[in-house]
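# compute the structure for the input listed below.
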Amino acid sequence: AEFYAEINGREATEAPSEKQAEKWWCRSQTSRGAVLDKAGYAMLHIVDGKIYNSPGSIKLFETLAYPVNPRVPGLIFLMNLNQTEAAGKSVVFCIDVFFQNNKPNPAAIEILTTALKPVYERHERDFDDRYKGESGRILAGLVSECGVMDFFAASDSDSFPDELLHAGLAAYRDIVTLTSDDVPTDDDHVAMNQHRQRLLEWLTVDDIGIQFAKESGVPMSVIEAYGYPPLVRY
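Modelled structure (predicted):
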């Protein structure tokens, strides 16, 4: 909330929402302002569910930011702690930007990678191996894949994910500052609408985390409230 208030203003922060049922609890909030059309964030906890077909629980923090200006990159960050009978405890960590007009910005990419690399080096991890998983999979292939998509054992995490998060958020603030004065064209707005259409479909149909949530009884309205794009024009 504090991070987005710095970018969007405190008046843009909406009242938080808290919902729960027998096997899940979710607290979410959104910011809607002149810089970020929508920035939603949530803590979701599911117990006695199924993860990759194995009984287990998950605690997830996730945020997605959709800037008003198509030339300003969006942000995705998620970190979840999975605990399953089959695999024990593990952490999934992802932070990256997506280009709403489908035009990668080399300077923005450089800012994010330059911020994250020293964290890997301090923890003696291979930065070149930081993007695990199938290329083009996350957010329907719309993320830049210049950030981090990594997995590690919960017992090995230590301060590593916190350092990555703070480095990544500071970098995203710099990226917004860098690109906020770029003047979008009509083509940029058309591309952004197409981008959001594709993302909306992927989130609804293909996103594994959302599938876990739905199977555990979490209503789609809870996820839409914080994670879905703002108005999509078809």
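
# state which strand of this structure is the longest.
strand 36-51 (DSSP state E).

# show me where the chain has helices.
2-8, 106-122, 160-179, 186-205, 208-215, 220-227 (DSSP state H).

# among these, which is nearest residue 32?
Closest to residue 32 of these, according to C-beta to C-beta: helix 2-8, at 7.6 Å. (C-beta placed from N, C-alpha, C; glycine too.)

# how about the closest one: buried residues?
3, 4, 7, 8 (16 or more other C-beta atoms under 10 Å).

# what's the farthest-apart pair in the residues you listed?
3 and 8 (9.5 Å).

# sorry, back to before: now for the longest strand of the chain, which elements pack on it?
Applying 3 or more C-beta pairs under 8 Å, 6 or more residues apart in numbering; DSSP states H and E, one finds that strand 36-51 contacts helix 2-8, strand 24-31, strand 54-67, strand 74-84, helix 208-215, helix 220-227.

# centre of the chain to the last one, how far?
Between the mean C-alpha point of helix 220-227 and the mean C-alpha point of its chain there is a distance of 13 Å (C-alpha atoms, centre = their mean, to the nearest Å).

# mind pulling the model confidence for the most centrally placed residue in the chain?
Taking C-alpha atoms, centre = their mean, the centroid of the chain lies closest to residue 76, which sits 2.4 Å from it. At residue 76, the model reports a pLDDT of 94.

# that one touches residue 93, doesn't it?
No. Applying C-beta atoms under 8 Å, one finds residue 76 not in contact with residue 93, separated by 11.6 Å.

# distance of residue 206 relative to residue 70?
23 Å (C-beta to C-beta, to the nearest Å).

# more crowded one of these two?
Under the neighbour definition other C-beta atoms under 10 Å, residue 206 and residue 70 were set side by side, and residue 70 has more, 23 against 12.

# list the contacts of the more buried one.
The contact partners of residue 70, by C-beta atoms under 8 Å, 6 or more residues apart in numbering, come to 100, 101, 184, 188, 189, 191, 192.

# drop anything exposed from these.
Counted by 16+ other C-beta under 10 Å, the contacts of residue 70 give 100, 101, 184, 188, 191, 192 as buried.

# next up, the contacts around the fourth one.
Looking back up the chat, that one is residue 188. Counted by C-beta under 8 Å, 6+ apart, residue 188 has contacts 70, 71, 100, 101, 103.

# quick one: it from residue 218, how far?
For residue 188, the distance to residue 218 - C-beta to C-beta - is 34 Å.

# check the closest residue to residue 36 other than its chain neighbours and give its pLDDT.
Nearest residue to residue 36, sequence neighbours excluded (C-beta to C-beta, 6 or more residues apart in numbering): residue 8, at 4.8 Å. In this model, residue 8 is scored at 96, pLDDT.

# wait, residue 8 sits on residue 31?
Yes. Counting by C-beta under 8 Å, residue 31 is a contact partner of residue 8 at 4.7 Å.

# count the neighbours of the closest residue to residue 213 other than its chain neighbours for me.
Setting aside the residues directly before and after it, residue 213 is nearest to residue 223 in space (C-beta to C-beta, 6+ apart), at 6.2 Å. Residue 223: 23 surrounding residues under other C-beta under 10 Å.

# wait, residue 223 touches residue 210, no?
Yes. The pair residue 223 and residue 210 passes the contact test of C-beta under 8 Å, sitting 5.8 Å apart.

# now the common contact residues for these two.
residue 203.
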